[in-house]
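Undergrad: My questions are about this predicted structure, shown below with the sequence.
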Amino acid sequence: MRTRLFPKSGRGTANHGWLQANFSFSFGNYYNPDMVQFGMLRVLNDDTIAGGTGFGTHPHDNMEIITIPLEGGLTHRDSMGSEATVRFGEVQVMSAGTGITHSEMNASPTQQAKTLQLWIFPEKENVEPRYDQKRFDLEAQRNTMVSIVSPENKNDGNALWIHQDAFLHLGVFDANQTFDYTCRIEGNGAYLFLIEGQLDINGQTVNERDAFGAVEFDTLNITTKAPAKILVIEVPMQFK
């Protein structure tokens, strides 16, 4: 097993006034050669967006983009004609494929929104663009890691799917809960991002907004030291 703690203090930051951003990996004007990506996970941005503002229309291609609101909501519009507002408990996925333009605007004119946005390299390029979103009842499945994203060919119909052998799980936990995480596909790695709370993972303390990466492992033993919100991102570590 090889593991690494990524403390929140090591993240890149940007203050654009309307946007307060934290970058787990190199992004925009922030470049850290030691933190370009974790396997196929290229971007994990932790954003606070002021009311009445957001990301205007801009293009993407050949990337699987996943947005997870933490507070408030975002209104999505894209060149395929999709328009929807996504809030905490909901997740949206977008396969940019051959090319798409979209905007993500704070759904409130006055209240801030907090979101996580992830970019994952696809297993195949130039697919037809697509958009989807879904609500997950995390409270009804409290103290359980809920499957929110999986590969298309390994999807049980309950999770959203993307063009990559990646699995995302999101969970809301009470304190003093213990569970294990085992990779679904041999050779994949796991990148755990702690949204709230405090954890012990295989004897290592992980605090709020820290991340914990693990490769070449059988099982991660996880205990919540405080009420917690946890995101686990399992991805291939190499391109096929």
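TA: Good, I have the coordinates.

Undergrad: Quick one: residues contacting the residue lying closest to Arg130 once chain neighbours are set aside.
TA: Nearest in space to Arg130, with sequence neighbours left out and distances taken as Cβ to Cβ, 6 or more residues apart in numbering, is Ser95 at 4.7 Å. The C-beta positions use only the backbone N, C-alpha and C, and glycine is treated the same way. In this structure, Ser95 makes contact with 64-65, 122, 127-131, 162-163, judged by Cβ atoms under 8 Å, 6 or more residues apart in numbering.

Undergrad: Can you list the low-confidence ranges for the protein?
TA: Along the chain, the model assigns pLDDT under 70 to residues 240.

Undergrad: if we go to 50?
TA: Along the chain, no part satisfies pLDDT under 50.

Undergrad: List the contacts of the residue most central in space within the chain.
TA: By Cα atoms, centre = their mean, the mean C-alpha position of the chain lies nearest to Leu118, the distance being 4.5 Å. With contacts defined as Cβ under 8 Å, 6+ apart, the neighbours of Leu118 are 41, 43-45, 65-68, 168, 233.

Undergrad: next helix or strand past the helix or strand where it lies?
TA: Leu118 belongs to strand 113-120 when assigned by DSSP states H and E. Past strand 113-120, further along toward the C-terminus, the next helix or strand under DSSP H and E is strand 130-135.

Undergrad: Following element in sequence after that following strand, please.
TA: Helices and strands here follow DSSP H and E; after strand 130-135, the next one along the chain is strand 146-151.

Undergrad: what angle do that following strand and strand 130-135 make?
TA: On the basis of axes from the mean of the first three to the mean of the last three Cα atoms, to 10 degrees, strand 146-151 is oriented at 170 degrees to strand 130-135.

Undergrad: packing partners for strand 146-151?
TA: strand 90-95, strand 160-162, strand 167-173 (3 or more Cβ pairs under 8 Å, 6 or more residues apart in numbering; DSSP states H and E).

Undergrad: Let's see that with 10 Å instead.
TA: strand 64-71, strand 90-95, strand 160-162, strand 167-173, strand 228-235 (3 or more Cβ pairs under 10 Å, 6 or more residues apart in numbering; DSSP states H and E).

Undergrad: Quick one: work out the angle between that strand and strand 113-120.
TA: Interaxial angle, strand 146-151 versus strand 113-120 (the same axes, to 10 degrees): 30 degrees.

Undergrad: Tell me how far strand 146-151 lies from the chain's centre.
TA: Strand 146-151 has its average C-alpha position 11 Å from the chain's average C-alpha position, going by Cα atoms, centre = their mean, to the nearest Å.

Undergrad: tell me the angle it makes with strand 167-173.
TA: 170 degrees.

Undergrad: Check which strands are paired with strand 146-151 and give the direction for each one.
TA: Partner strands for strand 146-151, per DSSP bridges, with pairing direction: strand 160-162 (parallel), strand 167-173 (antiparallel).

Undergrad: Same list, those strands, but as CSV with distance to Ala190 please.
TA: Written out in CSV, the entries for the strands paired with strand 146-151 read as follows (distance: least, Cβ to Cβ, whole Å):
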stretch, distance to Ala190
strand 160-162, 17
strand 167-173, 9
